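Student: Generate coordinates for the sequence data below:
(one chain, ligands or ions: 2)
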Amino acid sequence: MSLEPPKGPAGTPNLDMDKITESGSISGAANSLINQVFKENPYFAAGGGLMILGSALALARTGIKSGSSLLYRQLVVDLEIPSKDKSYLWFLEWMGKYPQRSSRHLSVETNFIQHDNGSVTTKFQLVPGPGSHLIRYKGAFMLIKRERSGKMIDMTNGAPFETVTLTTLYRDRHLFNELLLEAKKMATKQNEGKTVIYTSWGPEWRPFGQPKAKRVLPSVVLDKGIAKGILDDVKDFMQNGEWYLQRGIPYRRGYLLHGPPGSGKTSFIQALAGHLDYNICILNLAESNLTDDRLNHLMNNIPERSILLLEDVDAAFNKRGQTDESGFKSGVTFSGLLNSLDGVTSSEETITFMTTNHPEKLDPAIMRPGRIDYKQYIGNATPYQIEKMFMKFYPGESELCAEFVQKAEGLGLDISTAQLQGLFVFNKNDPQNALAMIETLRHQNHVFS
Ligand SMILES: Nc1ncnc2c1ncn2[C@@H]1O[C@H](COP(=O)(O)OP(=O)(O)O)[C@@H](O)[C@H]1O
Ligand SMILES: [Mg+2]
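Tutor: Ligands and ions are numbered 1, 2, ... in the order given. Now for the predicted structure:
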């Protein structure tokens with residue numbers, strides 16, 4: 001036998017629903033509920049009523065909580081930007097400069113700015129520190145949370161992982177896009193008129209030093225017609241994206257510049273990138289810790305608007321298990337290079353320049369369209385180049401120039417344009433002395449002092 005009233009599934013006393021609902025209205029129902037609980041229910045009298053009230057309250061509270069989080073999920077949107085993403089730094093910079101900001105919690109980011117003459121200024125930039133910030137952007141409130149993950153560390157650079165989370169009302173979600181575009185525009189504006197040089201840093205591309213002032217194309221003196229030929233071809237390629245797309249051909253083009261060292265191959269490609277308003281990603285295939293995997297990954301993750309420059313491509317071809325002094329095998333193989341060249345998939349155009357001093361070492365298989373489509377020899381200084389370079393350094397000195405060209409030819413030597421530059425830089429304002437010193441060109445690695 002039992003004195004207790006029958007219990008429901010949750011351990012609460014069973015109430016007589018008929019008695020409650022028969023009163024018709026809600027307040028009536030509540031009244032009769034109270035009546036039933038207080039007067040007719042012996043369990044309540046025993047003190048259990050408090051417990052019921054408590055659990056009802058708790059239930060209501062979790063109800064409100066989950067209701068509000070449901071509401072939250074319905075009404076607001078989050079945007080998470082992890083620190084690995086390109087837009088992360090853009091966003092922080094943008095935010096640092098954004099005037100309508102509630103928070104005073106900032107952290108500092110130090111930038112060096114190198115001027116054209118080599119001097120350096122330091123600029124401190126204030127960016128939002130870790131924590132929460134509230135901003136108002138185009139009339140909408142946005143909550144910005146910058147969080148650091150204490151435990152996770154980005155293995156590529158040793159920095160802790162961070163995320164920035166932007167929260168705003170659902171109806172304002174289109175502002176995320178506008179904001180990010182604005183941040184990107186601001187970041188790219190700073191690099192206007194500059195060429196960013198990327199080098200590989202582990203598996204990713206990183207800007208190498210500060211963006212450099214563009215080198216103007218005519219400052220690299222190539223033999224007659226060479227520069228124009230390449231430039232016209234690149235431009236033609238860039239204007240024909242639709243053509244490639246319609247025919248299902250991968251939109252890429254490869255150029256090979258070959259010839260002796262110091263003839264301006266690298267300089268020309270950098271100047272060309274600047275001229276086209278592109279950045280440049282440089283990878284040296286002779287690097288000993290470059291593997292096929294890394295090459296492939298890097299080539300498929302080129303920053304936008306960049307020309308890929310693969311230096312010393314012959315390095316991939318003369319592997320017969322040879323090792324360098326440190327016992328390392330340089331890792332890129334011929335097939336690895338070909339696979340990477342073939343495998344580059346990008347919605348944008350891919351322009352690859354390759355250089356080598358030893359074209360005879362290249363396997364003919366690399367000359368296939370899509371790998372190398374344009375091959376150009378860049379040689380030692382021709383009389384045409386000698387004249388042009390002389391006149392560039394010493395404008396108006398055409399008589400001396402003619403003499404210089406004649407004498408240089410008389411040496412009967414291969415003279416690289418890099419050597420000429422060395423001689424002219426040493427005799428900055430002294431063409432007479434440059435002429436007098438012409439014999440020094442006999443020595444490839446003459447050190448002027
Ligand atoms: N044709 C050229 N016109 C102007 N400068 C040149 C030329 N060739 C070489 N130089 C100068 O010589 C140096 C080395 O040139 P670089 O482009 O590295 O040669 P490469 O890549 O062919 O070995 C650079 O400082 C560059 O300015
Ligand atoms: Mg070079």
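Student: which residues does the residue of the stretch 51-200 of the chain found nearest ligand 1 bridge with?
Tutor: Using Cβ to the nearest ligand atom, the single residue of the stretch 51-200 of the chain nearest to ligand 1 is residue 197, 13.1 Å away. The way it works is simple: take the backbone N, C-alpha and C, and place the C-beta from them, glycine included. When bridges are called by DSSP bridges, residue 197 pairs up with residue 280.
Student: Domain ranges for this protein, per the record?
Tutor: Domain segmentation of the chain under automatic domain parsing yields 17-72, 76-190, 212-377, 383-442.
Student: can you redo those domains as CSV with distance to ligand 2, mean neighbour count and mean pLDDT?
Tutor: Below are the domains of the chain laid out as CSV (distance: least, Cβ to the ion, whole Å; neighbours: other Cβ atoms under 10 Å; pLDDT from 0 to 100):
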stretch, distance to ligand 2, mean neighbour count, mean pLDDT
domain 17-72, 57, 12, 63
domain 76-190, 22, 14, 77
domain 212-377, 3, 17, 88
domain 383-442, 10, 16, 94
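Student: Mind putting those into a markdown table with distance to residue 201?
Tutor: A markdown table is the format used below for those (distance: least, Cβ to Cβ, whole Å):
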| stretch | distance to residue 201 |
| --- | --- |
| domain 17-72 | 40 |
| domain 76-190 | 7 |
| domain 212-377 | 10 |
| domain 383-442 | 28 |
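Student: Indicate which one of the ones you listed is closest to residue 205.
Tutor: When those are compared by Cβ to Cβ, domain 212-377 sits nearest residue 205, at 5.6 Å.
Student: on that earlier part again, ok, now which ones touch the residue of the stretch 51-200 of the chain closest to ligand 1?
Tutor: Residues in contact with residue 197 (Cβ atoms under 8 Å, 6 or more residues apart in numbering) are 207, 208, 209, 211, 212, 270, 279, 280, 282.
Student: helices and strands around whichever strand or helix holds residue 95, which ones?
Tutor: Taking DSSP states H and E as the criterion, residue 95 maps to helix 87-97. If contacts are counted by 3 or more Cβ pairs under 8 Å, 6 or more residues apart in numbering; DSSP states H and E, helix 87-97 sits against strand 76-82, strand 106-114, strand 120-128, strand 160-169, helix 174-190.
Student: Distance check, the closest residue in space to residue 209 that isn't next to it in sequence against ligand 2.
Tutor: Distance criterion Cβ to Cβ, 6 or more residues apart in numbering; nearest residue to residue 209, sequence neighbours excluded, is residue 197 at 7.0 Å. With distances taken as Cβ to the ion, to the nearest Å, residue 197 is found 13 Å from ligand 2.
Student: From residue 55, how far out is residue 197?
Tutor: Noted for residue 197: a distance of 67 Å to residue 55, by Cβ to Cβ, to the nearest Å.
Student: Could you list which residues are in contact with the residue nearest to residue 250 when sequence neighbours are not counted?
Tutor: Closest residue to residue 250 apart from its sequence neighbours, by Cβ to Cβ, 6+ apart: residue 370 at 6.4 Å. Residue 370 makes contacts with 249, 250, 252, 254, 341, 342, as judged by Cβ under 8 Å, 6+ apart.
Student: Just say helix, strand or coil for residue 370.
Tutor: Here residue 370 is recorded as coil under DSSP: H, G, I helix; E, B strand; the rest coil.
Student: again, but for residue 354
Tutor: From three-state DSSP, the assignment for residue 354 is strand.
Student: Quick check: it touching residue 253?
Tutor: No - counting by Cβ atoms under 8 Å, residue 253 is not a contact partner of residue 354; they are 11.6 Å apart.
Student: Check which helix or strand the nearest residue to residue 383 once chain neighbours are set aside maps to.
Tutor: Once flanking residues are discounted, residue 383 sits nearest to residue 405: 5.3 Å by Cβ to Cβ, 6+ apart. Per DSSP H and E, residue 405 falls inside helix 398-410.
Student: Now do that helix: which elements does it pack against?
Tutor: Using 3+ Cβ pairs under 8 Å, 6+ apart: helix 398-410 touches helix 383-393, helix 431-436.
Student: Out of those, flag the one nearest residue 225.
Tutor: Smallest distance to residue 225 across those (Cβ to Cβ): 9.9 Å, for helix 383-393.
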